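Trainee: Okay, here's the prediction I keep looking at, along with the sequence it came from:
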Amino acid sequence: MKSNLQAVVAALKTARQRHQQHDASGPELALADCEEAYAVQSAMGRELGWWPGGVPRHWKTGGPGVDAVQTSAPLPDRGVWAGPCDARAWPMHSRGVESEIALRLKTAVTPEQARDIDAGAARSLIGEMAVAIELVDFRWRQGMDAPELLKLADLQSHGALVLGEWVPYAARDWSAQQCRTWIGAQPEVLRQGSHSFGDPTLVLHRWLRHATARFGTLAAGTVVTTGTWVGLLHAQPGDLVKVQFDGIGQTSVQL
């Protein structure tokens, strides 16, 4: 592994193990491209034992739109919880909140299957969907102002994932879909049709190609959360966060 990749892995490892943020400004931490950021993700997972079976079972993916770059990150198993749940003991520097839809594969997907898959074929692989709350946290001291590639290396600033009850996937008019988010005493945040791709299932085919190319066959039951409907909201210690997608379900987490 190149020396700058080793330096990023070492910095993130120390930050996670000591629950301390690390300065992202050092020239030794400069990454050249997304491929180097993804190499750091994989190395972190191996060194910290995030995926006992070797292949991640939980992912995040998304981007600003269908014509823009889409990025992905494999998530540590131990930071994925069924809601409602209590995260007060979970170490966090920040408590960002993203309201999302998670999708679960009904069948295994091989690299060969994923290589030329299109959006329609990918959609046919979904078995279930659930409301999700992604908690956003920063191992880099600069937070949102850290270099984009370093945030990608840090699992795109992932903190934890809370999943609601799984329900059978069915096609929907996503432009009419309402999403409601409550954070502590803050006013309700209501959004409609606000997913950056218009349809959250449109992230699947590129994610499948990415994930299988790096880790091989994805097992049936693999979960991917598909991007925020509310941007990045902010919570404080002690807040109860609740997210509801009308007609799909809800979930919550105590911070």
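Mentor: Great, that's in hand.
Trainee: where does the protein dip in pLDDT?
Mentor: Applying pLDDT under 70 to the chain flags no residue at all.
Trainee: Show me where it has its strands.
Mentor: Using DSSP state E, the strands of the chain run over 58-62, 71-74, 80-82, 85-86, 96-105, 126-136, 158-163, 167-168, 178-183, 189-192, 223-225, 233-234, 240-245, 249-254.
Trainee: Indicate each strand paired with the fifth one and its parallel or antiparallel sense.
Mentor: Sheet pairing here is set by DSSP bridges, and for strand 96-105 it gives strand 126-136 (antiparallel), strand 223-225 (antiparallel), strand 233-234 (antiparallel).
Trainee: so how far is the first one from its chain's centroid?
Mentor: Pointing back at strand 126-136 there. 9 Å (CA atoms, centre = their mean, to the nearest Å).
Trainee: in it, what counts as buried?
Mentor: Using 16 or more other CB atoms under 10 Å as the test for burial, strand 126-136 gives Ile126, Glu128, Met129, Ala130, Val131, Ala132, Ile133, Glu134, Leu135, Val136. All C-beta atoms are positioned from the backbone trio N, CA, C, and that covers glycine.
Trainee: swap in stretch 240-254?
Mentor: Val241, Lys242, Val243, Gln244, Phe245, Ile248, Gly249, Gln250, Thr251, Ser252, Val253.
Trainee: how about the residues you listed in JSON lines, adding distance to Thr226?
Mentor: Output for those, formatted as JSON lines (distance: CB to CB, whole Å):
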{"residue": "Val241", "distance to Thr226": "19"}
{"residue": "Lys242", "distance to Thr226": "19"}
{"residue": "Val243", "distance to Thr226": "14"}
{"residue": "Gln244", "distance to Thr226": "17"}
{"residue": "Phe245", "distance to Thr226": "12"}
{"residue": "Ile248", "distance to Thr226": "13"}
{"residue": "Gly249", "distance to Thr226": "15"}
{"residue": "Gln250", "distance to Thr226": "17"}
{"residue": "Thr251", "distance to Thr226": "15"}
{"residue": "Ser252", "distance to Thr226": "19"}
{"residue": "Val253", "distance to Thr226": "18"}
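Trainee: so which of those residues comes closest to Leu190?
Mentor: Proximity of the buried residues of stretch 240-254 to Leu190 was ranked by CB to CB; the top entry is Gln244 with 10.0 Å.
Trainee: The stretch 1-150 of the chain: helices as residue ranges?
Mentor: 3-18, 34-48, 111-115, 119-123, 148-153 (DSSP state H, counting those that start in this stretch).
Trainee: Outside of the third one itself, list whatever touches it.
Mentor: I take that to be helix 111-115. Helix 111-115 has contacts (CB atoms under 8 Å, 6 or more residues apart in numbering) with His205, Leu208, Arg209, Ala211, Thr212, Ala213, Gly216, Thr217.
Trainee: again, but for the first one
Mentor: Applying CB under 8 Å, 6+ apart, the set of residues contacting helix 3-18 from outside is 1, 20-22, 26, 28-31, 36, 39-40, 43-44, 47-48, 139-140, 150, 153-154.
Trainee: I'd like the distance between the most centrally placed residue in the chain and Gly159.
Mentor: Nearest to the mean C-alpha position of the chain, by CA atoms, centre = their mean, lies Lys60 at 2.8 Å. As judged by CB to CB, to the nearest Å, Lys60 and Gly159 stand 11 Å apart.
Trainee: Common neighbours of those two, please.
Mentor: Taking CB under 8 Å, 6+ apart as the contact rule, Lys60 and Gly159 both touch Glu134.
Trainee: Put the buried members of the contacts of helix 3-18 into a PyMOL selection.
Mentor: A single PyMOL command is used to select the members of the contacts of helix 3-18 judged buried by 16+ other CB under 10 Å:
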select buried, resi 21+22+29+31+36+39+40+43+44+139+140+150+153+154
